[in-house]
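Enquirer: Predicted model and sequence follow; I will ask about them next.
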Amino acid sequence: MSAPPADEAPSSLPWRDSLKVYLEPASLRMLALGFSAGLPLLLVLGTLSFRLREAGIDRTTIGFLSWVGLAYGFKWVWAPLVDRMPVPPLTTWLGRRRGWLLLAQAAVIVGLVGMASNDPRNGLPPLVWCALLVAFGSATQDIALDAFRIESAITRKQAALAASYQTGYRLAMIWAGAGVLWVAAWAEVAGVAGYQDAAWKTAYLVMAASMAVGVVTVLLSPEPVRLAQSQPKNAAEWLQSVLVEPFADFIRRYRWQAALILSLIAVYRISDVVMGIMANAFYVDLGFTKDEVATVSKIYGVVMTLAGAFVGGMLSMRLGVMRVLMLGAVLSAATNLLYAGLVPRGHDLPALILVVSADNLAGGIASAAFIAYLSSLTNVSYSATQYALFSSLMLLLPKFVAGFSGAFVDAYGYSAFFTGTAILGVPVLVLVALASRASQREKARAELAALGQPGALP
């Protein structure tokens, strides 16, 4: 039985050797595939809220439409199929992981083209259905990609792969958040006031074309080598191995700690996710232009995101994941208070630069550590299913709560909203501390058992 993940001892590797791992082919592939994974998310959530608010859609409706993102929270339902079921003829041609990746990327591209073609002022349902296709394809891509990443390197290098993945993911989020605004602003007809749907159509078509980064990487990447697995003899055995065993394996390995671990996963990113739904609507209401928001996110946001991802990855390898997990939780909650400070300042570009920079730095550190933590929990035999369970749980509660964000802002204002999202991060600190203490006790128990002194700890 595997012991629960313990906080690793600081690495004795020189800093130069620690940095070299980022130049290895596996890390570079994860950089590109992370870009492909991060691109769709904001296009059906944050950026879409900017577009809808500019089109005159009310904040309450925008908040509830964010429930499109719940597709990410339920991806564990079909993760077992992605983990074990082939996709003919793609699996024969590319292998199981790459076959599913290519199919999912195709769904994202088709959905983005559909979103480009529908004007929200003419009715929201067609746009919402296309957004659902993007979310479903994106969630499926995440399932296959998480397994691809976990199976592509040994445990010691998972933090570096997580940091590379997170860097690509965050770069894509900047491109899908700032870049799409930049393209839409560039495509606008000068002198025409108000919402211009043709400009947004151009921007979303550019985003669909940007998925080529992931498609090309999938086609050029090797299929990871998987451990040999016994083949089920009948349908009952197949259902047992695909649907039941991945979850039973997790419970067997972590026993009573499973509830604590799952609780931590469920709330770790709640501050950021709930706040993020209203961020772009907030910028519109403060009078920031698409160019201003794009420039701040593209320049300062990219720099601080890269810094945060690499700092998080390096610190996780050297200091241990749990310590950096706590640091990320503190920073993520604290930076939300900076947004509350923007409310009385109004259209203040330097203040926006400071807030976005701090928020991206904190998010990069927290995400790199959190991905490494989730990766350490999986059994490689069920990597896609178990990681999908963890990453789905990570988003399910935050995205559900986020659906009420627009109604909350309408009722109480932005200051109370951002302060409330910071307060949501307090339980996270308690859960990280409890999980860290529990893993240390299990490590000590395992060491005593190895020395022939079982039961020395209560």
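Expert: Cool, the structure landed.
Enquirer: Show the subsequent helix or strand relative to the helix ranked longest in the chain.
Expert: Looking across the chain with DSSP state H, the single longest helix is helix 349-377. Downstream of helix 349-377, the first helix or strand assigned by DSSP states H and E is helix 383-402.
Enquirer: same for that following helix, what does it pack against?
Expert: Helices and strands touching helix 383-402, by 3 or more Cβ pairs under 8 Å, 6 or more residues apart in numbering; DSSP states H and E, are helix 70-73, helix 79-84, helix 125-150, helix 245-254, helix 257-267, helix 270-285, helix 349-377. No exception for glycine: its C-beta is placed from N, CA and C like everyone else's.
Enquirer: and the ones you listed as JSON lines, adding mean pLDDT and mean neighbour count?
Expert: Below are the helices and strands packed on helix 383-402 laid out as JSON lines (pLDDT from 0 to 100; neighbours: other Cβ atoms under 10 Å):
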{"stretch": "helix 70-73", "mean pLDDT": "82", "mean neighbour count": "21"}
{"stretch": "helix 79-84", "mean pLDDT": "78", "mean neighbour count": "23"}
{"stretch": "helix 125-150", "mean pLDDT": "90", "mean neighbour count": "24"}
{"stretch": "helix 245-254", "mean pLDDT": "80", "mean neighbour count": "17"}
{"stretch": "helix 257-267", "mean pLDDT": "85", "mean neighbour count": "19"}
{"stretch": "helix 270-285", "mean pLDDT": "87", "mean neighbour count": "24"}
{"stretch": "helix 349-377", "mean pLDDT": "86", "mean neighbour count": "23"}
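Enquirer: could I get those helices as a markdown table with distance to E54?
Expert: Converted to a markdown table, the helices and strands packed on helix 383-402 look like this (distance: least, Cβ to Cβ, whole Å):
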| stretch | distance to E54 |
| --- | --- |
| helix 70-73 | 24 |
| helix 79-84 | 36 |
| helix 125-150 | 14 |
| helix 245-254 | 43 |
| helix 257-267 | 32 |
| helix 270-285 | 6 |
| helix 349-377 | 18 |
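Enquirer: Which one, of those helices, ends up nearest to G38?
Expert: helix 125-150 (9.3 Å; Cβ to Cβ).
Enquirer: CA atoms only for the helix or strand just after that closest one - export them in PDB, please.
Expert: Using DSSP H and E, the helix or strand that follows helix 125-150 in sequence is helix 158-174. Coordinates of each C-alpha in helix 158-174 appear next as PDB, following Å, rounded to 0.1, in the frame of the first residue of the first chain:
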ATOM      1  CA  GLN A 158       6.500  16.100 -12.200                       C
ATOM      2  CA  ALA A 159       6.900  19.500 -10.500                       C
ATOM      3  CA  ALA A 160       8.900  20.700 -13.500                       C
ATOM      4  CA  LEU A 161       6.400  19.300 -16.000                       C
ATOM      5  CA  ALA A 162       3.700  20.900 -14.000                       C
ATOM      6  CA  ALA A 163       5.500  24.300 -14.100                       C
ATOM      7  CA  SER A 164       6.000  24.000 -17.800                       C
ATOM      8  CA  TYR A 165       2.400  23.000 -18.300                       C
ATOM      9  CA  GLN A 166       1.200  25.800 -16.100                       C
ATOM     10  CA  THR A 167       3.400  28.300 -18.000                       C
ATOM     11  CA  GLY A 168       1.900  27.300 -21.300                       C
ATOM     12  CA  TYR A 169      -1.500  27.300 -19.800                       C
ATOM     13  CA  ARG A 170      -1.100  30.800 -18.400                       C
ATOM     14  CA  LEU A 171       0.300  32.100 -21.600                       C
ATOM     15  CA  ALA A 172      -2.800  30.800 -23.400                       C
ATOM     16  CA  MET A 173      -5.000  32.400 -20.800                       C
ATOM     17  CA  ILE A 174      -3.300  35.700 -21.400                       C
END
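Enquirer: What mean pLDDT does helix 158-174 get?
Expert: For helix 158-174, the mean pLDDT works out to 78.
Enquirer: Just the buried positions in stretch 338-346, please.
Expert: Within stretch 338-346, the residues that count as buried by 16 or more other Cβ atoms under 10 Å are 338-340, 342-343.
Enquirer: what do you get for stretch 195-203?
Expert: Here stretch 195-203 shows 195-197, 199-203 as buried, counting by 16+ other Cβ under 10 Å.
Enquirer: Good, we can wrap up now.
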